[in-house]
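Visitor: Okay, sequence plus prediction incoming.
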Amino acid sequence: MFEWHKKEAPVFTGVTRGVGGFGFGKAAAAAAAAPIPFSATGGTTTTSGLYTIHTFTSSGSFVVSSPSAVSKTVDYLIIAGGGAGGSGMGGGGGAGGYRTSMPEGPGGPSPSVESALALAGPLSYPVTIGAGGAGQPNPSGAGNQGTSSAFGPIPATGGGGGGTYSTGSNMTPGGSGGGYGGSDSGPNGPGGSGTAGQGWVGGNRNNRWAGGGGGAGEAGNTDGHGYGGDGKTSTITGSSITRAGGGGAAGDNFDASPGGDGGGGNGWNQPGSGPAGTINTGSGGGATSWNVQGAGGAGGSGIVIVRYLT
């Protein structure tokens, strides 16, 4: 029993009186004021430092489940499928189109750096992963173009296919262009054109020799005739990785032409199909040489990567 004339410590009830009635103290007030976190799913989710990263190697959806009042600025890397190399003194396949909001990577002014996206939910953003182009055997051996990738409203164009033995231009344009096919006769000419802001032109024919495919970092033939153009380096996943290189052309004499991070071309009269571009890099396929039955190398499939501050 409480004694009126005896000093005793007050009993804490856990309840405090506040404006408008009773509350539950500072802890409850802080919990009520805590911000709602940004929440998203899709692809393979990893973390690196302060970032959450969603990597898509197949088509799907980036699903934002947090409410519309909660938005997040996201960076992205979108690479389309690479083009296939040509056969029969073929040109290298061009790399898939490369679009990014990351201001980094060697390889000249193209591709350009684009604006990051501010995303809010609840909403689903479709993700499309482009397939690499298929190679064709002689005599119909021009390589097929890769298919486009996309993240929501942002598409990247498939890489151009490499040309085959011909007296005219038979490579195709793309994100980066395919290399010009070789020939014993006919005019020399430029490779397939790239898409502005996404990649570079394919290599030209030089006398009889075919050109290398264009890459995200440079044009075909930049490092030597028939060489594929180099790809572009990104650290969006937390590691430095180079992707989207052009495929190598059919080589001079017995030498294979290297791919610029794509498939290398076969050497002169070397049997077998051209090397394929690496999957999920958008790299171009390598070409086959004269008088062989193998097909041009297929282009590598594309990839989409999204990251945001956790």
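Guide: Looks like it came in fine.

Visitor: Helices of the chain, start to end?
Guide: Across the chain, reading from the start of the chain, the helices by DSSP state H fall at 25-33.

Visitor: Of all residues in it, which one is nearest the centre?
Guide: With distances taken as Cα atoms, centre = their mean, residue 79 lies nearest the centre of the chain, 2.4 Å away.

Visitor: Please report the distance of the spatially closest residue to that one that is not a sequence neighbour from residue 195.
Guide: On the basis of Cβ to Cβ, 6 or more residues apart in numbering, the spatially nearest residue to residue 79 that is not a chain neighbour turns out to be residue 282, at 3.7 Å. C-beta coordinates here come from the backbone N, C-alpha and C atoms, glycine included. If you measure residue 282 against residue 195 using Cβ to Cβ, to the nearest Å, the figure is 13 Å.

Visitor: ok, these two, which is more surrounded?
Guide: Neighbours per residue, other Cβ atoms under 10 Å: of residue 282 and residue 195, the larger number sits with residue 282, 43 against 24.

Visitor: quick one: low-confidence ranges for the stretch 201-310 of the chain?
Guide: Under the criterion pLDDT under 70, the flagged ranges of the stretch 201-310 of the chain are 253-254.

Visitor: now the strands for it?
Guide: 232-234, 241-243, 303-309 (DSSP state E, counting those that start in this stretch).

Visitor: For residue 190, find the nearest of these.
Guide: Relative to residue 190, the nearest member of the strands of the stretch 201-310 of the chain by Cβ to Cβ is strand 232-234, separated by 21.7 Å.

Visitor: Sheet partners, orientation included, of that closest one?
Guide: For strand 232-234, the paired strands and their directions (DSSP bridges) read strand 241-243 (antiparallel).

Visitor: Distance from the chain centre to the partner strand, please.
Guide: 9 Å (Cα atoms, centre = their mean, to the nearest Å).

Visitor: Next: stretch 127-137.
Guide: Averaged C-alpha coordinates place stretch 127-137 at 13 Å from its chain's average position (Cα atoms, centre = their mean).

Visitor: for stretch 154-167, same thing?
Guide: The offset between the C-alpha centroid of stretch 154-167 and the centroid of the whole chain comes to 16 Å, using Cα atoms, centre = their mean.

Visitor: likewise stretch 273-288?
Guide: Using Cα atoms, centre = their mean, the mean C-alpha position of stretch 273-288 is found 14 Å from that of the whole chain.
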